[in-house]
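Asks: Kindly return the folded structure for what I paste below:
(2 chains)
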Protein chains: 2
Amino acid sequence: MPQRPRLAVGPRVRKSPFFDATMRHGASVFSIYNHMYLPMAYLDGPEQGYWNVVNGVQLWDVGCERQVEIAGPDAMRFAQWLTPRNLGRCEVGQAVYAPMTAEDGGMVNDPVALRVEENRFWFSLADSDALLWALGLARNSGMEVDITEPDVSPLQVQGPKSNHLMRDLFGGWVDDLPFYRFREAELQGIPLVVARMGYSRERCFEIFLRDGSRGEELWRLLWAAGEAHGITAGAPSQALRMEGGLLSYLSDMGLRDNPFEIGFGWAVDLDQPDDFIGKEALRRIAEEGVSRRLAGAEINGEPLRVLNEEPWPVSCNGQPAGELRSCAYSPRLEKNIAYVMLDIDFTAPTTGFEVETSNGTRSGTVVEMPWMKRVR
Amino acid sequence: MPQRPRLAVGPRVRKSPFFDATMRHGASVFSIYNHMYLPMAYLDGPEQGYWNVVNGVQLWDVGCERQVEIAGPDAMRFAQWLTPRNLGRCEVGQAVYAPMTAEDGGMVNDPVALRVEENRFWFSLADSDALLWALGLARNSGMEVDITEPDVSPLQVQGPKSNHLMRDLFGGWVDDLPFYRFREAELQGIPLVVARMGYSRERCFEIFLRDGSRGEELWRLLWAAGEAHGITAGAPSQALRMEGGLLSYLSDMGLRDNPFEIGFGWAVDLDQPDDFIGKEALRRIAEEGVSRRLAGAEINGEPLRVLNEEPWPVSCNGQPAGELRSCAYSPRLEKNIAYVMLDIDFTAPTTGFEVETSNGTRSGTVVEMPWMKRVR
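Replies: Predicted structure coming up:
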């Protein structure tokens, strides 16, 4: 880009309860996500931010992950209607990845569902107004549900030292919290939900603040407890999430992609007794197979310093084969890694391809992903 | 803010077909709107941009106004279901302001509806995923409709010289196009819809590009035709839209506000025979009256150089009275103008109030709006 664009700040876009804290700690590059500011990088730059996670403990303001709360007598049935994931197996206190699909199987959102009570679910959203989708569906559904956006703002504590900080503040139980489980908790009377999950494969926790007026207090308590462990402020990292095989809604998938095309077939339970939106289409797709698939890939050559601002065209032997949707240079792997949506014939590992970057053509190779497994 | 935040650019957010052109002409401050970049200011600054509209002709990239297309045998009935506005009175080739309301009457979006064919409507959206709302509603509606986001990207030609440029390019018929009417047109084979409307009360046109691959071509044709008239590139102006009494979704209203509270009662037809979402709630609200209302206001003192980044609290005689939602300094009026959501008791013109700005307390007065009428 010829100039470095600045971000407009005005009343149309909301600040998270942690916004002032992130500014104080040097948040300098932002996106807008679910109509809220999302810090994307700090003054120390994304690569230093990456190492600060990998070697320490870091706070991420992800207040823009809005929750859609489904409550009421038919909450279970309605929540199940929203996703191909079998929520019957999700216990109170458990979270599961739960894609939301449209009638044709396309991805409406890719949230994590938290079963907060027997008949109360939170869908912790990626970047689309799935609240409107759920409200639209509820009309004429014949189900008795309350659908709201509660006052809940998530914050992630990331990195190998995150459990030191969490133990100091909350006590030993956080060490025993299983992956994708959560518990209600309090800090000096601030109402919270503490979950063992986050947007990386590092050790991490997600804290759901349940009173937006107390964000500054919560941040300060976490910061004070983290100073002994070298805490930093940071932001979701493209390299970290891609190393772990995590996807980003609207970067890697959208309404035009179905779960089987993006490697989420494991989250689709076609045999469950209950109905869900898209079941018929997904059954047909499962039977017929997909004609394209999102694959992991490595891009040869120097570290990519310019990342893609839109999909980059990919070809195999001069023939159009698909597009690169996301890429990053992984400092740990010392490799350029990518997600590439490819015609199914080209998705076998070791398949070579060429990609037209904004800075010239490069060669690449399809590989197995993820590159990094979850830290236990 | 301590630092001037920069905008993150990556594949999650889409570029409009005019994006490269706006960058070339000095777009420097952006927001994100409907998951797309929206230029908000150019290197010459918002005040110069304002005068360039008022005295000349200016191009605005508003490609982020996505369209929801409703087509199929039941398109008329479904489109009507989406809005309290009586669409039965909207002819093919006509556009009408058509708020979308939820079951409880809250504002889901505040689009303009264009009747493109007898059974084909476009809802030209403000910043919410009303596509998902419409798709959710369609399920179980029993109506036969196709709901899609077509390849349509709007661009506005703003300012008193806009019709000179438009006449040079399209011919004399553009002078005779009535307000809120449109026509299909072509420029060198580029498929377009040309409408006499836009987001200001100046003379203006909205051109809907129907082939996203030809945005650069269209921009260059308009620019070449505009050079004789001193064309500039610019962005929707807070001062211009507020002078004319135009609202901004999520700044001035949202899901928690109903049309009667924001002065859109005129767009609600409770007597029409057809059903629409929210009819029952809006009938009740119409009967009971509202307890608060968005009012025009003027803020005393020096020109406001720091605008509100969130709602500012408003009080009357030391008593909480509401909040200021948007404000601007109008260079033409030489006044600070504002929209203030006030308890109904405080909405009479000449009522005085105090507002806590981010830069100290100021006094203000409720006034009639709009400040400027539409240029004919």
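Asks: Grab the nearest non-local neighbour of whichever residue of the stretch 1-150 of chain A sits closest to chain B.
Replies: Closest to chain B within the stretch 1-150 of chain A is residue A:136: 2.4 Å, counting by CB to the nearest CB. Where you see a C-beta, it was placed from the backbone N, CA and C, and this is true even at glycine. Of all residues not flanking residue A:136 in the chain, residue B:136 sits nearest, at 2.4 Å (CB to CB, 6 or more residues apart in numbering or on different chains).
Asks: hang on, the earlier thing: in this structure the residue of the stretch 1-150 of chain A closest to chain B contacts residue B:130, no?
Replies: No: with contact defined as CB atoms under 8 Å, residue A:136 does not count as touching residue B:130 (9.3 Å).
Asks: give me phi/psi at residue A:112?
Replies: Backbone geometry at residue A:112, expressed as degrees, to the nearest 10, gives phi -100, psi 130.
Asks: Tally up the residues packed near it, please.
Replies: For residue A:112, the count of nearby residues is 21 (other CB atoms under 10 Å in any protein chain shown).
Asks: by how many degrees do the helix or strand containing the residue of the stretch 1-150 of chain A closest to chain B and helix B:130-138 diverge?
Replies: Here residue A:136, judged by DSSP states H and E, is contained in helix A:130-138. For helix A:130-138 against helix B:130-138, the angle by axes from the mean of the first three to the mean of the last three CA atoms, to 10 degrees is 20 degrees.
Asks: Tell me the helix or strand right after helix A:130-138.
Replies: Following helix A:130-138 in sequence, per DSSP H and E, is strand A:146-148.
Asks: tell me which residues in that following strand are buried?
Replies: For strand A:146-148, a neighbour-count test (16 or more other CB atoms under 10 Å in any protein chain shown) marks residue A:147 as buried.
Asks: now do stretch A:131-151
Replies: Per 16+ other CB under 10 Å, stretch A:131-151 contains these buried residues: A:131-139, A:141, A:143, A:145, A:147, A:150.
Asks: try stretch A:100-115
Replies: Across stretch A:100-115, burial judged by 16+ other CB under 10 Å covers A:100-102, A:104-115.
Asks: Could you list the alpha-carbon positions for it in PDB?
Replies: C-alpha atoms of stretch A:100-115 as PDB (Å, rounded to 0.1, in the frame of the first residue of the first chain):
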ATOM      1  CA  MET A 100     -23.200 -22.800  12.500                       C
ATOM      2  CA  THR A 101     -24.400 -23.800   9.000                       C
ATOM      3  CA  ALA A 102     -27.000 -22.400   6.600                       C
ATOM      4  CA  GLU A 103     -29.600 -24.400   4.800                       C
ATOM      5  CA  ASP A 104     -27.100 -25.200   2.000                       C
ATOM      6  CA  GLY A 105     -24.400 -26.200   4.500                       C
ATOM      7  CA  GLY A 106     -22.400 -22.900   4.200                       C
ATOM      8  CA  MET A 107     -20.600 -21.500   7.200                       C
ATOM      9  CA  VAL A 108     -22.700 -18.700   9.000                       C
ATOM     10  CA  ASN A 109     -20.100 -18.500  11.800                       C
ATOM     11  CA  ASP A 110     -17.600 -20.700  13.500                       C
ATOM     12  CA  PRO A 111     -18.200 -20.200  17.200                       C
ATOM     13  CA  VAL A 112     -17.400 -22.200  20.400                       C
ATOM     14  CA  ALA A 113     -20.600 -23.200  22.200                       C
ATOM     15  CA  LEU A 114     -20.500 -23.100  26.000                       C
ATOM     16  CA  ARG A 115     -23.100 -24.900  28.000                       C
END
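Asks: Could you pull up the mean pLDDT of it?
Replies: Stretch A:100-115 comes out with an average pLDDT of 98.
Asks: any chance you could map the strands in the stretch 251-376 of chain A?
Replies: Under the criterion DSSP state E, counting those that start in this stretch, the stretch 251-376 of chain A carries strands at the ranges A:292-299, A:312-316, A:319-330, A:335-343, A:352-357, A:360-367.
Asks: got the angle for the shortest one vs strand A:352-357?
Replies: Per the same axes, to 10 degrees, the angle that strand A:312-316 makes with strand A:352-357 is 160 degrees.
Asks: Show me what strand A:312-316 is packed up against.
Replies: Here strand A:312-316 touches strand A:319-330, strand A:352-357, going by 3 or more CB pairs under 8 Å, 6 or more residues apart in numbering or on different chains; DSSP states H and E.
Asks: Residue A:28 contacts residue A:44, doesn't it?
Replies: No: the pair residue A:28 / residue A:44 is not scored as a contact, 9.1 Å apart, by CB under 8 Å.
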